[in-house]
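J.: sequence unknown, structure follows:
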């Protein structure tokens, strides 16, 4: 079973996709208080809080994080603003294994995005990031779950 921690706006699309793939799942937001029970794979998908012990080591296959920026260059919650400031023309989204530090675990996959011009607003780059992040999720979650890559 996959347990996903995310923001409320992502719940329906994630649940719909996981159900379509017949993957047993539970999805939680910051409003929820799930019990610390066993599950196979943990997923942080744009979750606004750091996953810490004992939750981090609960799933048999560990935790992965879907991060709306290219790691390791753009860590943390300010990646969008930093990219705008840096006038990035190359962007990407990342899925990586989680460890006790913030955005430092082994990278599984980066989906690269060539921008036609530097982004000028957080809304613009955020929309690009979230579109490609869900594409990355759909491309990778089944393999991560089955192969524990």
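T.: Good, I have the coordinates. Computed from a prediction, not measured in an experiment: that's the story for all the values here. Numbers count the residues shown, from 1 in each chain.
J.: most residues in a single helix of the chain, which one?
T.: When the chain is parsed with DSSP state H, its longest helix is helix 122-147.
J.: which ones are touching residue 136?
T.: 66, 93-95, 109, 111 (CB atoms under 8 Å, 6 or more residues apart in numbering). Yep, even glycine has a C-beta here, placed from its N, CA and C like the rest.
J.: Please convert these to JSON lines, extending it with neighbour count.
T.: Shown next, in JSON lines, are the contacts of residue 136 (neighbours: other CB atoms under 10 Å):
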{"residue": "66", "neighbour count": "24"}
{"residue": "93", "neighbour count": "27"}
{"residue": "94", "neighbour count": "25"}
{"residue": "95", "neighbour count": "26"}
{"residue": "109", "neighbour count": "16"}
{"residue": "111", "neighbour count": "17"}
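J.: Go through these and flag which are in strands.
T.: Counting by DSSP state E, the part of the contacts of residue 136 found in strands is 66, 93-95, 109, 111.
J.: Does the residue in the chain sticking out farthest from the centre fall in a helix, a strand, or a coil region?
T.: Within the chain, the residue lying farthest from the chain centre (CA atoms, centre = their mean) is residue 117, at 24.9 Å. What DSSP: H, G, I helix; E, B strand; the rest coil gives for residue 117 is coil.
J.: count of neighbours near residue 45?
T.: 23 (other CB atoms under 10 Å).
J.: With residue 99 instead?
T.: 14.
J.: got it, and residue 11?
T.: Counted with other CB under 10 Å, residue 11 comes out at 15.
J.: how about the nearest residue to it once chain neighbours are set aside, what does it touch?
T.: Using CB to CB, 6 or more residues apart in numbering and skipping residues adjacent in sequence, the residue nearest residue 11 is residue 27, 5.3 Å away. Counting by CB under 8 Å, 6+ apart, residue 27 makes contact with 3-6, 11, 14-15.
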